[in-house]
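Trainee: model the following, please.
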Amino acid sequence: MNTEETTLGAWKMVIKNRDVDEGFIFHSDRGVQYASKKFVNVLDSYKKITRSMSRKGNCWDNAVAESFFKSLKTELIYGKKLISKEQ
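Mentor: The predicted structure follows:
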């Protein structure tokens, strides 16, 4: 998979489903998909967005969100057989 299929695809779903208002912060880890020039250029084209990345080697920068999504995945996704992308 490439940036177009992963991060840009997810970003297109974000802007389709919610308003990108002043003060919007996009926080990510330092993964190559979030640091790619193509993805950075797309985010930078939205003047209302502030990009934020965790510090190198510091997983605790976003610990609250990481913990929430781990719990969500554990409760709702793992152990279930999903048939389609929409599920």
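
Trainee: list the contacts for the residue positioned nearest the centre of the chain?
Mentor: Geometric centre of the chain, nearest residue: residue 28, 6.2 Å, by CA atoms, centre = their mean. Applying CB atoms under 8 Å, 6 or more residues apart in numbering, we find residue 28 in contact with 34, 52-54. In this view, the C-beta of every residue, glycine as well, is placed from N, C-alpha and C.

Trainee: out of the residues you listed, the closest to residue 19 would be?
Mentor: residue 52 (19.0 Å; CB to CB).

Trainee: any idea how far residue 83 is from the closest one?
Mentor: Taking CB to CB, to the nearest Å as the measure, residue 52 and residue 83 are separated by 35 Å.

Trainee: where does the nearest residue to residue 11 once chain neighbours are set aside land on pLDDT?
Mentor: Spatial nearest neighbour of residue 11, excluding adjacent residues (CB to CB, 6 or more residues apart in numbering): residue 42 at 6.4 Å. Listed pLDDT for residue 42 reads 89.

Trainee: and if you look at residue 76?
Mentor: 77.

Trainee: what's the answer for residue 79, then?
Mentor: At residue 79, pLDDT is 68.

Trainee: residues near residue 34, how many?
Mentor: 19 (other CB atoms under 10 Å).

Trainee: and it, how far from residue 80?
Mentor: For residue 34, the distance to residue 80 - CB to CB - is 28 Å.

Trainee: narrow the contacts of residue 28 to those that are buried.
Mentor: If you count burial by 16 or more other CB atoms under 10 Å, the buried members of the contacts of residue 28 come out as 34, 54.

Trainee: show me the contacts of residue 28 that map onto strands.
Mentor: Those of these mapping onto strands are 52-53, per DSSP state E.

Trainee: now the contacts of residue 28 as TSV including distance to residue 72 and pLDDT?
Mentor: Formatted as TSV, the contacts of residue 28 follow (distance: CB to CB, whole Å; pLDDT from 0 to 100):
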residue	distance to residue 72	pLDDT
34	20	80
52	21	82
53	22	79
54	19	77
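
Trainee: and stretch 44-57, what's buried?
Mentor: With the criterion 16+ other CB under 10 Å, stretch 44-57 contains buried residues 49, 54.

Trainee: any stretches of this protein with poor pLDDT?
Mentor: 1, 3-4, 57, 59, 79, 81-82, 87 (pLDDT under 70).
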